[in-house]
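Colleague: everything below, folded, please.
(chains A, B and C)
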Amino acid sequence: MSESTQISADPPKTVTETAAATEAQPGWGRALFGLGRNGGGRSRLAHDPLALSPRARAGAYAVLVAWSLIVLFPIYWMITTSFKTPLDVNSGPVYLPGVDFEGTTEAWDYIINEEPQTTRAFVNTVVVGVVSSLLTLVLGASASYGLSRLEFRPRLASVVAFLAGIAVAVATTIAGLAWQMGILLGLAFFAASIATWARRFEFRLSNDDIAFWLISQRILPPIAVVLPLYVFFQQLQLLDTRTALIVTYVGANVPIAIWLLRDFFAGIPVHLEEAAAIDGATRPQTFWFVVLPAAVPGLVATFLFIMVFAWNEFLIASVLTSADAQTMPMLVVAQNATRGPQWWNMSVLILIMSLPVILMAGFLERFIARGLLVGAVKG
Amino acid sequence: MAETDIDKTGHEPASRDVELFAHDTASKRLLLSPTVLLVIFLSVVPLLFSGYLALSRFRFVRGGFEVNFIGFDNFEKLLVGSQQRRFVGNLEQTPWWAWALIALFVAAQAVMAVQAVRRSPGHRVRTAVLRMVVLAVTAVLVYVAVRSLTGEGIPGTLVVTLVFVFLGVALQYFLGLGLALVAAQQLRGRRLFRTLYLIPMIVTPVGAAFLFRMVTDTSKGPLEPLWKLAFGDSDFTWVNEPWPARIAIVLADTWQWTPFMFVILLAAVESLPPELTEAAKVDGARAWSQFWLVTFPQLIPVSLTLVLIRSIEAFKIVDLPQVLTGGGPGTATESLSLQALLEWRAVNLGGSAALAYVLLFVTTFVALLIVNYGRRRAVARFT
Amino acid sequence: MTNTAWRKTKAWRLLAVLLAFAMLAAACGDDDDDDDSEAGSGTATTAAPSTPDDDGGDAVADDDGDEPSMSEEPDATADDEPSMSEEPDATADDTMAAMSFDGVDVEVLTFTGPQIAEPLQRYAPVFNELTGANVQVTTVPFGELYNNILTDAATGTNSFDAWVFAPQWMVDFAVPGYIEDLTDRVAADADLQWNDVAPFFRDFSATFQGSVYTIPLDGDFHMVYYRSDVLEEAGLTPPRTWDEYLEVAEAVHGRDMNGDGEADYGSCISKARGQQSYWWITSIAAPYVQSQGTSAGAFFNLDDFTPLVNNEGFIRALEVYAATGEFGPPDENNLGVGDTRGLFTTGRCALTLDWGDIGTLAADAETSTVVDLVGSLVTPGSEEVIDASGSLVPCDSSTCPHAVDGVNYAPFASFGGWSGGINANSDDITKDAAFAFLSYVSQPERSNQDVTVGATGFNPYRISQFENIDNWVTAGMSQEAAEDYLGAIGASLASPNMVLDIRVPQNQRYQQVVLDTVLAQFIAGEFDAAEAASAIYDQWEEITDEIGREGQLSAYRNTLNVTR
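Modeller: Predicted structure coming up:
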């Protein structure tokens, strides 16, 4: 069996096992596809009672290869299209460059050398994707950690009062008051409520309620919030900046991070932290040196998931940006203009923007598997 | 979504294990408040604003714009007004068996509701009210879905969205599960497959939509020879018929999102104790019943979470129909999100916000159903 | 203590992973930067605002010597460009040099090209060098442009000083006062040669309520194109009416038109949802509905603003529209105009309805297999028109005052041609600079070259552009094709019965939402023609009542220059 199976079969050993596995990892090159992985694993395979019969093995490979073809064929088509001329595309399918059509790098040349926005959009995508994902990770990790270690028991009444305060702020703003005044009024209402009627209700929320509320924010259809967000960032004079995108993506993705990380932190044995505390470590030290290292696989898997979302997002980006902060998906969509989709240019753009993430996924594959194992699997 | 996780994982940290941390107020504030504040400012506040927008009419006036409160007009238009046909659909010529189906469903739900009320002597009134609401909403959804999908009916954007969600998520789940079971075997190079299978998810959704538009094109796409072989000169293409068009969209969605199911289910399968699956290997004939009785129940909690997460995302489907068919033929593939997007593009902001709210309501309802009547029960039973 | 030690290593490992991400990200960014710098500053360098002068210089050099290898431009034109621009540019330089906009920033918004955006981005650095202004051209995807401009203006964000957009949308900007009245500026600018702009674009497209609001950069109207070789071989004459169009399409449907041994199509008119169907239907309906000249309007009754759709003419047009599908490609219902253009220029269709683009695209040997095999026509007309009661009656001198040989033609200026407008909230000096830039691009010295090049997306809109055939021949058309193409353009532009696109506030709701959706439902068989017509009628009426009938009616009258 692989070491990952052992981990979850025997939860208390998680941390040391993970550490051992990471120690034994031969290096990035071998980590990529795992073909030449540690011989120990393979020798165990030979005696494994679970080893498949040759026929079953062939069947399994057939299934895996078949799905690979389904996955790869559209990608293949995109790659060949990026080397086609408009005439090649429009006059019926051609399949193999050099065989039934002459390949040309015109589209690549155009996108990389002549389209002035490509570089800017690519840099924006990388910056927005990486920075927003890291921030999401920081927020998501601390929130999940908090939810798995600390006890939050806010009164329902206080929460209601707070939300009502926000509603007051929003309503007065809509009614025509300056938004600063609206916020003040909302705060005043909140304070007054806390001091008066909210004291009487004792019903309290639990950690699970908070987690459920946070995670449920993912339900929100983006189309419902784009206009208010536009006005919000306009007031802050942050339209068409990476900052606006980063902040929005953090807000949109933090629910996913909490979903994936919450159980991961819950699965890390508390006695490690207690030991550290007894050794005299402060709480931040414990978190930084004990908890986070044990959570690396979960963090990496989460990072990859949320980065894919931030990297690829279109709708919010199309509303909040117009030039300086435009990201790659905007360029992809822009290739479909008055003259119909420019398939060749579009293919190049999609390939350029996907390649870094695909490579990253290849390198991080082992982390993903292990990260999800302890995290999301628990449900 | 995770109410019961703590009992299940057995760590129950808050009260017992970390007594020394549990009431650390400074840490509490530091750890949770940034996230909560961010979510409030980016989700809750905008949602309140667009709630007002949904009840208003938006107009451009000299020097700016104005928003006039008009009550529920935008919703009324969708449900009974001029947009009814597009949103709800056309409920005509329903055959008798469809009526029977609706009746059967409502009756079964009612019986279950009565039983549930009987079972919970403590909170009879609360259970009864909750059950009534659930029954009413599901009955309306089922009524509209069945009538618009049978006979001469034409489904509106609401039902089309539900079709996309149910077909798509089901297909993705079963494909993902099947692949995960195969890929969990001791095979050389399986990590290569695992990485390959992630690729579709990494392609930007609009890009994937355009990619499928290329691939499914019946006159200049790669499958053109196959079309010719299958349909000859009959001029059949998937774009002209409602169901083939919907299926094309579901297939594209499946291509992109099966990896999500696959990668997490694979992790789940690999984390099962080997003893559980060993017997199946020894006695191949009983492999199926082993899977059904032993392996699958272990996977139910994670499966329901996956279905929940994927459904939430699938309700927002917009890029695929927009790019592949523009919502056509007719309105056959128009999702709620797409309808909202089209209104938004034409700066009918009130109508767009009203649609977004309907979507929010339906999604929340289905999500709560999955959590309360599926997941919670499954977790209680299987772990 | 070893325990703590490995914990620390783990922390470092985490840091290393994070660093690896950062480096990977940075590396990707760097790579791209490198590519860009190697390539020089490309044809348009909006990304580097700091050194407008250098950029300008580079871009000019690029245009002169360095032939862009990919662009759709045919070689001939790009080679011509420097030689053509030498003399006229000298005069332009003088006038421009007289204007100084040192340090004035002008933000121009349009959609991502390469069409339309390409010439703007090409001229911006040149203009900047001439005047010291700093013109930046920004682009967003086409589908986002309308609401991007409107949200920007309505919320008072004012990120942009000028927009290059569809004059069809102008009313949405003119009524709330977001857009600057350019009448005086136009009158004062001799180099713009305002009288050279074709009367329709000058007096209707660019004008609202008697004032000029936009500078045309492009002339958009529909024409029908046919394969001259295919029709000749079949012994058919080009169609004059939509009925004849159907006859021709039927007669040649199924022939092999490009020599690949496969049956090709009689007619290609894209019918996909969310594309251009609402413009095609107007082109077909116009000759049935509008017969009393441009000011009569083809969409609404000028007395009470009731839609002109619930009548025999529009219903007949719906039937024609559906009937063209019988002689089209099987997946026509999911094709957009980009697809039908590809089909037509690769020789797969005998007839198509399109903007002026087909003329230059078909003449481009790099993308076309039908060079010199294409004829151009004014969009077909009708021998019957509707009367006041909405019934079809035959054409005579009173029902069709503008008829030619008994056929009522109504060429449709759909979309209206990309035009530049200026933000009313910008500073005066910025407005002047923005105006000077738009004028610079529109002046015949430049636009008369640009309209002959397919890649610019500019179609002819000036009288001098269709009178001067030499430019077109140099651009790669044969003399005969050029005469034919320009003849059709000339005839359309000369028509007193040209149709102006729907120009009322929130026109996108009328067209993109209602008309487009109902047409799709009609084509999919959810409605028959009469049901579709009354569905459009009802939903348009609803929108009108929501927005306010009086305001809509007065805007509609103003845009048609009707005073009552």
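
Colleague: surely residue B:39 and residue A:253 touch.
Modeller: No. Residue B:39 lies out of contact with residue A:253 (C-beta atoms under 8 Å); the separation is 10.9 Å. Just so you know, the C-beta spots here come from the backbone N, C-alpha and C atoms, and that holds for glycine as well.

Colleague: which of these two has more neighbours?
Modeller: residue A:253 (26 against 23; other C-beta atoms under 10 Å in any protein chain shown).

Colleague: and for that one, nearest residue in space, chain neighbours not counted?
Modeller: Spatial nearest neighbour of residue A:253, excluding adjacent residues (C-beta to C-beta, 6 or more residues apart in numbering or on different chains): residue A:306 at 4.2 Å.

Colleague: measure how buried that neighbour is and give me the count.
Modeller: 27.

Colleague: now do residue A:92
Modeller: Residue A:92, neighbours per other C-beta under 10 Å, totals 15.

Colleague: how close does the nearest residue to it once chain neighbours are set aside sit to residue C:274?
Modeller: Distances taken as C-beta to C-beta, 6+ apart put residue B:220 closest to residue A:92, at 5.3 Å, once the chain neighbours are dropped. Distance of residue B:220 to residue C:274, computed by C-beta to C-beta, to the nearest Å: 20 Å.

Colleague: ok, residue C:418 next?
Modeller: For residue C:418 relative to residue C:274 (C-beta to C-beta), the value is 20 Å.

Colleague: for the residue nearest to residue A:92, give me phi and psi.
Modeller: Its backbone dihedrals place residue B:220 at phi -130, psi 10, with angles given as degrees, to the nearest 10.

Colleague: check residue C:100 too.
Modeller: Torsion angles, degrees, to the nearest 10, at residue C:100: phi -130, psi 120.

Colleague: ok, now residue A:97?
Modeller: phi -60, psi 140.

Colleague: who does it bridge with?
Modeller: residue A:101 (DSSP bridges).

Colleague: which SSE is residue A:323 in?
Modeller: Using DSSP states H and E, residue A:323 sits in no helix or strand.

Colleague: with residue A:137 instead?
Modeller: helix A:117-149.

Colleague: where does pLDDT dip in the chain?
Modeller: If you meant another chain, say so; for now it's chain A. Across chain A, residues meeting the criterion (pLDDT under 70) sit at A:1-52, A:338-339, A:369, A:371-379.

Colleague: to clarify, I was referring to chain B.
Modeller: B:1-26, B:233-235, B:275-287, B:375-383.

Colleague: what domains does the record give for it?
Modeller: By the assignment in automatic domain parsing, chain B contains the domains B:89-155, B:157-383.

Colleague: right, so the ones you listed: which one is the most enclosed?
Modeller: Ranked by mean neighbour count under mean count of other C-beta atoms under 10 Å in any protein chain shown, the domains of chain B are led by domain B:157-383, which reaches a mean of 21.

Colleague: SS state for the closest residue to chain A within the stretch 351-500 of chain C?
Modeller: Among residues of the stretch 351-500 of chain C, the one nearest chain A by C-beta to the nearest C-beta turns out to be residue C:367. It sits 4.8 Å away. With DSSP: H, G, I helix; E, B strand; the rest coil as the basis, residue C:367 sits in coil.

Colleague: quick check: closest non-adjacent residue to it.
Modeller: Nearest to residue C:367 is residue A:86, by C-beta to C-beta, 6+ apart, at 4.8 Å.

Colleague: check contacts around the one you found.
Modeller: Contacts here follow C-beta atoms under 8 Å, 6 or more residues apart in numbering or on different chains; on that basis residue A:86 touches A:342, A:344, C:72, C:342, C:366, C:367.

Colleague: roughly how far does the fifth one sit from residue B:203?
Modeller: What it means is residue C:366. Taking C-beta to C-beta, one finds residue C:366 at 30 Å from residue B:203.

Colleague: you'd agree residue C:316 is up against residue C:288?
Modeller: Yes. Between residue C:316 and residue C:288 there is a contact under C-beta under 8 Å: 5.7 Å.

Colleague: rewinding a little: closest to residue B:103 out of the contacts of residue A:86?
Modeller: Nearest to residue B:103 among the contacts of residue A:86 is residue C:342, at 52.2 Å by C-beta to C-beta.
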